[in-house]
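1. predicted coordinates and the sequence they were generated for:
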Amino acid sequence: MAKLIMVQGTTSNAGKSLVTAALCRIFHQDGYKVAPFKSQNMALNSYITKEGLEMGRAQVMQSEAACIEPDVRMNPILLKPTGEKGSQVILNGEVLRDMTAKEYYKQKKMLIPHILKAYNSLAEEYDIIVIEGAGSPAEINLRENDIVNMGMAELVDAPVILVGDIDRGGVFASIAGTLLLLTDDEKQRVKGTVINKFRGDVELLKPGLDMLEDITKVDVLGVIPYMKLEIDDEDSLSEKLENNTGYNLIDIAVIKLPRISNFTDFNVFSMCNNVGLRYVSSVRDLGEPDMIIIPGTKNTIEDLKWLRQTGFEPRIKRHASEGKALFGVCGGYQMLGEKVYDPDNVESGGEIRGLELLKTETTFYKEKIRTQIKGRFNNIEGLYKPLSNVEFEGYEIHMGDTDIKNESSLSKINVISAANNQAESMDGAFSDNVAGSYIHGIFDNSQVVNAIVKILYEKKGLRADELESFNIKEFKNSQYNLLAQEVRKSLDMEKIYKILNKEI
């Protein structure tokens, strides 16, 4: 069975996901076959595996760091919030059902066999498993049925390192307070602490580190500097979503819908030279971008209503009428059409007028479509013509189907499901400068993103021949290596390996 180590945090957004990714890359560099694992993930960013199963994007990012294929066993439970008090529960990659928080809390212990089956199966195939916790282990009101922090550590006898975020202040109190709230048995599992996101001179921090060790009786394993890396974040706490000032030579604005999902679809643009990517939730922050993107959403109808209530609709339509680039993905694609119907009350029920920028109509059905796909753009006229015949890969996660009403007036995307190579569909439409598609990850193809940046350059009257070709895979790999390099320098890796070998 694999050796294991668990990364927990004093709070959400302490940096557990990136520390886990860093350890995955370091262990891989050191010659081990390593996999990430998170028993329960809550996020609207999800991914579809080649088997058509749904899992959290954080574990996909970590599997990239480990240089392995994403596997739903790495995240057996995914909770996708449907509102303030409920979530759609995804078990082993498939929808179980919607539950309120209270219902799910009562069901958690029944899910333990599924968690252990997934974990043990991975542990038979890998040398090392790096487990990520969720939120904080010090949520004492949730301790009884915990299956993701100390409860998970107990299930598999995992040693724990505890990560605290110094950037937000109060890191010494948060680490000491977290340990104070753990039981004696739980404290024994914590083999070291890590201070994350530090800006400044570590020498000035050392007296505090000595005092922290004296108070907690737990070694500080190191101080990780604040790093500006282009690596996918886990959820809506992402700092990227707070960025509304990312202006650059090319300005791309993503509408920050209240129920935004899969915002990682657009991270690639922030990796491109001279391209600024920003998320806007207010019309006053929209400005005059070169491209507007309407992203995916957990509730198309309610977020379409929000677009109207907040005054985004006329601004989006004006942007389109000026011939500027507009692109909708998944729920955003559905919004661009003429009508959205919900006869089975999948979302809010009834019907609603769309933005009427594409000649399409969407009808929601109860069955969720989950598939990886391969496809190509057909011959396209208008602004997006350089995308004609470009091939790509991606995946789909959506409820409902979109019909193209007047096919002769629209260019289309032709896709083939990876799960069923016989099934072809038209899962996107183009009308001059307005485009939409169901395909998540469509921009994570080098040819696609290079073509779109070139389109935006030329539309703005800039010299596109000065653009350098951008290779997404190489860039991502360089970012994981930089992450591993900094974390390796910052942490006492000798102690990490002793923890891994249960010598501490």
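-> Sure, I can see it. Numbers count the residues shown, from 1 in each chain.

2. per-residue pLDDT, residue 144?
-> pLDDT for residue 144: 88.

3. helix, strand, or coil at it?
-> Using DSSP: H, G, I helix; E, B strand; the rest coil, the three-state assignment for residue 144 comes out as helix.

4. can you name the residues that contact it?
-> Taking Cβ atoms under 8 Å, 6 or more residues apart in numbering, we find residue 144 in contact with no residue. For glycine as for every other residue, the C-beta is placed from the backbone atoms N, C-alpha and C.

5. can you give me the distance of it to residue 481?
-> Applying Cβ to Cβ, to the nearest Å, one obtains 42 Å for the distance of residue 144 from residue 481.

6. residue 448 too?
-> Taking Cβ to Cβ as the criterion, residue 448 is separated from residue 481 by 24 Å.

7. so those two - more neighbours on which side?
-> residue 448 (22 against 13; other Cβ atoms under 10 Å).

8. mind listing what the more buried one touches?
-> 387, 390, 392, 442.

9. which SSE is it in?
-> Secondary structure assignment for residue 448, by DSSP states H and E: helix 446-459.

10. let me see the mean pLDDT of that helix.
-> When pLDDT is averaged along helix 446-459, the result is 94.

11. tell me which residues in whatever helix or strand comes next after that helix are buried?
-> Past helix 446-459, heading to the C-terminal end, the next element that is a helix or strand (DSSP H and E) is helix 472-490. Using 16 or more other Cβ atoms under 10 Å as the test for burial, helix 472-490 gives 472, 476, 479, 480, 482, 483, 484, 487, 488, 490.

12. contacts for the helix or strand following helix 472-490 next, please.
-> Proceeding N to C from helix 472-490, the next assigned helix or strand is helix 493-500, under DSSP H and E. When contacts are taken as Cβ under 8 Å, 6+ apart, the neighbours of helix 493-500 outside the stretch itself are 3-5, 23, 26, 128, 159, 161, 191-192, 219, 221, 504.

13. save these as TSV, and put in neighbour count and pLDDT too.
-> Shown next, in TSV, are the contacts of helix 493-500 (neighbours: other Cβ atoms under 10 Å; pLDDT from 0 to 100):
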residue	neighbour count	pLDDT
3	20	98
4	21	98
5	23	98
23	28	98
26	22	98
128	20	98
159	22	98
161	26	98
191	23	98
192	23	98
219	18	97
221	21	98
504	13	91
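
14. need the max-distance pair from these.
-> Of all pairs drawn from the contacts of helix 493-500, the one with the longest distance (Cβ to Cβ) is 128 and 219, at 20.6 Å.

15. any idea which element the closest residue to residue 481 other than its chain neighbours lies in?
-> In space, and not counting its chain neighbours, residue 481 is closest to residue 25: 7.0 Å by Cβ to Cβ, 6 or more residues apart in numbering. Residue 25 is located in helix 16-29, with elements delineated by DSSP H and E.

16. how far off centre is the helix holding residue 448?
-> In terms of Cα atoms, centre = their mean, to the nearest Å, the centre of helix 446-459 is set 24 Å apart from its chain centre.

17. again with stretch 163-177
-> On the basis of Cα atoms, centre = their mean, stretch 163-177 sits 25 Å off its chain's mean C-alpha point.

18. C-alpha coordinates for it, CSV please?
-> The C-alpha coordinates for stretch 163-177 follow below in CSV (Å, rounded to 0.1, in the frame of the first residue of the first chain):
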residue,chain,number,x,y,z
VAL,A,163,-1.1,25.0,6.7
GLY,A,164,-1.8,28.6,7.8
ASP,A,165,-2.2,31.7,5.6
ILE,A,166,-0.1,34.6,6.9
ASP,A,167,-1.2,37.0,4.1
ARG,A,168,-4.6,37.6,5.8
GLY,A,169,-3.1,38.1,9.2
GLY,A,170,-3.4,36.3,12.5
VAL,A,171,-1.6,33.2,11.4
PHE,A,172,0.0,32.4,14.8
ALA,A,173,-3.4,32.6,16.5
SER,A,174,-5.1,30.5,13.7
ILE,A,175,-2.4,27.7,14.0
ALA,A,176,-2.3,27.7,17.8
GLY,A,177,-6.1,28.0,18.0
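
19. quick one: buried residues of that stretch?
-> For stretch 163-177, by 16+ other Cβ under 10 Å, it's 163, 164, 165, 166, 171, 172, 174, 175, 176.
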